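>>> structure for the following, please:
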Amino acid sequence: MNPKRGIGRGGYFALSFGSIVGSGWIMLLGEWFRHAAPGGALLALLAGGILMALIGMCYAELASRLPRAGGEFLYALEGWGPNTAFIVGWFITLFLVVMCAFEGTALAWMVDLLVPAAKGPVLYRLLGEPVTLDGLVLGLGGAAVICALNLSGLRASVLFQRVVTFGFIAVMAALILSGLVFGNQTHLRPLFSPPAESSWIFGFIWIFATCSMLLYGFQSALYVIEERAADVDVRAATGSMVLGIVVASIFYAAIVLSAGSIVPWRHILDAELPAVAAFDALLPGGRIGQLILVVSVFSLAKTWNAVLLSASRMILAQSRAGLLPAALGRLDSRRDVASNAIWFTTAASGAGILLGRGALVPIVNMATICVSLTIVLMLATLLRLRRRQPETGSFNVPAPKVIIPVSLSGAALMASFAVGQPLWREHGFPLEWKLVLIWAFIGLLFRRFAHTRRSTGLSEGTNGGSGKSPGTVP
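Alright, predicted model coming up:
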């Protein structure tokens, strides 16, 4: 990309915030209330937001040390070598694939509510939920549209991201403010008493752990760090990325306060989408609920777009390092996009869409396991690189003796909750763990048949040299 027409500060903020805030809040608000009540949910989201902002600062230093596209995969390659880099890259790819599947499933759910007449016949039942014809058509059709957008080139994807992100913020800010102004804060009571007399502490732990996933999309900005505009340095790009984390955290907390203030929060738990039911009470006639659904569809699309962009770049980086088949690393010569990687991600996420709504919670938990463990490793990587070279001269984490250990301890706590939480919810071997093992097996097959390349650049990258790694994406 021409550096004069590269990605600016607004573009990096849009990639960060837009990748973080998609449809998760509208799907999960009821679960937050049900498991932690408003007070527990608010505390968990704020605590998770503070921790993830600190972690974002650590990622910013990693990006300043290695200002090349590839994100976590590149950092692991530099810090630990190709074997660890493959594990990191492949499981981050899983996170990105399942998030595409999540958005596809959520799209069908929201359109069903927006246009009830569009609901089609039940084709089969899976994981306790019906899978309908319209759900598959909408989910797979949406995947095809997002795939086509990414195949058209990076400029189109980033422009779409900017327009939808800032439009979404404007509309939702007005709705949230309306809820806070016209609502009644007594509706938030009881603050810390979930239904069925369960302890809000367990809900707090679950929400805090899932913040590693709910606030994780910020790293999308790092996958295109080389394609910044001429007047945007690494510090400015990563600063916009961290700002996206902070704004997203405030957004989630504001949704809890606003929705819980409009109507007594226990009265909306039986609604199909409690977030829609809450804001719908602002005006009679259901118009606000419809507006929320329309806005959420666009929000979902921007996140889906950014996640697919990130997945294609991650797969491309692994392929160029010789850790995945070379075919996945081929670029479209006309549009300079990793077309095969885009097709692969679309196909893999399509398989997830076929699982239907019953897979939504396992998808969230599986994504949380992947990203929380990756974050722990990335913070350990930063400590390793700091021992090699204490200062970078571009961006260094302030008060590193406090922020990095606190971030690492918090991330380890999130990871332990994320891995163990499925055991609390179900008996036997959790579905999330089964899906992770299946993905690991697929990755090992790809690795086995990949064309292994040991170029000079890869050797220098592995040994901590300054040469450009083949994992770098142009």
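
>>> tell me where the stretch 101-250 of the chain has helices.
In the stretch 101-250 of the chain, the helices defined using DSSP state H, counting those that start in this stretch lie at 133-151, 154-182, 200-214, 234-262.

>>> between these, which one is closest to residue 318.
helix 133-151 (17.6 Å; Cβ to Cβ). Where C-beta positions appear, they are placed from N, C-alpha and C, glycine not excepted.

>>> how about the closest one: buried residues?
Neighbour-count burial for helix 133-151 flags 134-136, 138-140, 142-143, 146-147, 149-151 (criterion: 16 or more other Cβ atoms under 10 Å).

>>> looking at these, which is nearest residue 210?
residue 139 (22.3 Å).

>>> contact partners for that closest one?
Counting by Cβ atoms under 8 Å, 6 or more residues apart in numbering, residue 139 makes contact with 104-105, 107-108, 350, 353.

>>> you'd agree residue 73 is up against residue 96?
No: applying Cβ atoms under 8 Å as the test, residue 73 and residue 96 come out as separate, 11.6 Å apart.

>>> common neighbours of these two, please.
Common neighbours of residue 73 and residue 96, using Cβ under 8 Å, 6+ apart, are residue 314.

>>> the lengthiest helix in the chain: what's the following helix or strand?
In the chain, taking DSSP state H as the definition, the longest helix is helix 24-65. Sequence-wise, the next helix or strand downstream of helix 24-65 (DSSP states H and E) is helix 71-80.

>>> now do that following helix and helix 24-65, the angle between them.
The directions of helix 71-80 and helix 24-65 differ by 40 degrees, with axes from the mean of the first three to the mean of the last three Cα atoms, to 10 degrees as the criterion.

>>> helix 71-80 packs against which elements?
In this structure, helix 71-80 makes packing contacts with helix 82-114, helix 287-320, helix 360-388, helix 456-462, judged by 3 or more Cβ pairs under 8 Å, 6 or more residues apart in numbering; DSSP states H and E.

>>> follow-up on the earlier one: between the contacts of residue 139, identify the one with the most neighbours.
Highest neighbour count within those: residue 105, with 29 neighbours (other Cβ atoms under 10 Å).

>>> what about that residue, distance to residue 140?
Counting by Cβ to Cβ, to the nearest Å, the gap from residue 105 to residue 140 is 11 Å.

>>> find residues that contact each of those two.
Counting by Cβ under 8 Å, 6+ apart, the residues touching both residue 105 and residue 140 are residue 353.

>>> what packs against the longest helix of the chain?
If contacts are counted by 3+ Cβ pairs under 8 Å, 6+ apart, helix 24-65 sits against helix 82-114, helix 200-214, helix 234-262, helix 274-280, helix 360-388, helix 400-425.

>>> so, low pLDDT: which residues of this protein?
Along the chain, segments meeting pLDDT under 70 span 1-5, 196-197, 392-393, 424-427, 450-474.

>>> list the contacts of the spatially most central residue of it.
Among the residues of the chain, the one closest to the centroid is residue 217, at 3.6 Å (Cα atoms, centre = their mean). Shown in contact with residue 217 (Cβ under 8 Å, 6+ apart): 16, 18-20, 22, 99, 303, 306-307, 310.

>>> any idea how many residues pack against the closest residue to residue 276 other than its chain neighbours?
Nearest residue to residue 276, sequence neighbours excluded (Cβ to Cβ, 6 or more residues apart in numbering): residue 289, at 4.6 Å. Look at residue 289: counted by other Cβ under 10 Å, it has 22 neighbours.
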